[in-house]
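>>> quick check, what structure comes out for this input:
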Amino acid sequence: MDDYFTTEQLRARGWTSRMIKAHLGNPDATQADPRGRLRKPIQFYARDRVLHIEGTAARDDLGKLNEARDLARRAAAVRTNRKAGG
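Next up, the predicted model:
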């Protein structure tokens, strides 16, 4: 399904569950998860729609999110170095 992003792929692009719900709403397609019938269905979002939204309002949210994550990672690294005596 090259015309779609999965939720997992969106998260790798910096999207959160809240952002997906707010900006994309319901998925464009779903499919049973091949890893097991007890798992939630895989959700697919149309690539064109995602790219359009990333080019508009959601871009600000994504940028802020990525900056916050970078700061949190750096702070965690500093804490880890202090605990290790570095």
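
>>> and the residue nearest the centre of the chain, how far from R37?
Central residue of the chain (C-alpha atoms, centre = their mean): R11, 1.7 Å from the mean position. For R11, the distance to R37 (C-beta to C-beta, to the nearest Å) stands at 23 Å. Every C-beta, even on glycine, is put in place using the N, C-alpha and C of the backbone.

>>> quick check: longest helix of the protein.
Counting residues, the longest helix in the chain under DSSP state H turns out to be helix 57-83.

>>> could you say what helices and strands that helix packs with?
Packing partners of helix 57-83 (3 or more C-beta pairs under 8 Å, 6 or more residues apart in numbering; DSSP states H and E): helix 17-23.

>>> pLDDT of whichever helix or strand comes after the helix it packs on, averaged?
Remark: after helix 17-23, the chain's next helix or strand is strand 29-31, criterion DSSP states H and E. On average, the pLDDT along strand 29-31 is 96.
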